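1. Turn this into a structure:
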Amino acid sequence: ASNSDGYAHCRRETAVQNPPSCRRKKSRHRLTHRQSRFLQAEFMKQPYPDKAYKGWLSHSIPGLTPYQVQVWFQNRRAKVKRNRVDEVFRQSWLGTVLHDCNNAYVTR
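-> Model prediction:
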């Protein structure tokens, strides 16, 4: 059986009616550079949009659902948090290295 339609494995599963694994996976919607910049600008204004705002944003970008907007904002907040943690770690590490180097220089 060909799997070209994405449902071949579902026809083999007869015990369960419409299991979650048989739902067709949606294709990924790639944002254009302009759309991405638009969402980033909106994120700077409001990193935690409410339901109405997410709806407005999804209507502003063709092909994007409110759920996709929600996921984009969640991912962006995670990225900001990750970058902040990475920066704190880098500064802490650099401070330790510089402190160790200064102590080594002073003791010579």
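2. now the helices: where do they sit in this protein?
-> Assigned by DSSP state H, the chain shows helices spanning 8-12, 33-45, 51-60, 66-107.
3. and of those helices, who's closest to Arg24?
-> helix 8-12 (9.4 Å; C-beta to C-beta). To be clear about C-beta, it is placed using only N, CA and C from the backbone, and glycine gets the same treatment.
4. ok, now how distant is His59 from Gln91?
-> Separation of His59 from Gln91 (C-beta to C-beta, to the nearest Å) stands at 41 Å.
5. now the helices of the chain in TSV, with mean neighbour count, distance to Lys25 and mean pLDDT?
-> TSV is the format used below for the helices of the chain (neighbours: other C-beta atoms under 10 Å; distance: least, C-beta to C-beta, whole Å; pLDDT from 0 to 100):
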stretch	mean neighbour count	distance to Lys25	mean pLDDT
helix 8-12	11	12	54
helix 33-45	13	22	96
helix 51-60	14	20	96
helix 66-107	11	14	82
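6. right, and these - which one's nearest Arg23?
-> Using C-beta to C-beta, the helices of the chain put helix 8-12 closest to Arg23, at 9.0 Å.
7. quick one: contacts for Pro62?
-> By C-beta atoms under 8 Å, 6 or more residues apart in numbering, Pro62 lies in contact with nothing.
8. Before we move on, what's the pLDDT of it?
-> Listed pLDDT for Pro62 reads 92.
9. okay if I get the helices of the chain as TSV plus distance to Ser27?
-> TSV is the format used below for the helices of the chain (distance: least, C-beta to C-beta, whole Å):
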stretch	distance to Ser27
helix 8-12	18
helix 33-45	16
helix 51-60	17
helix 66-107	12
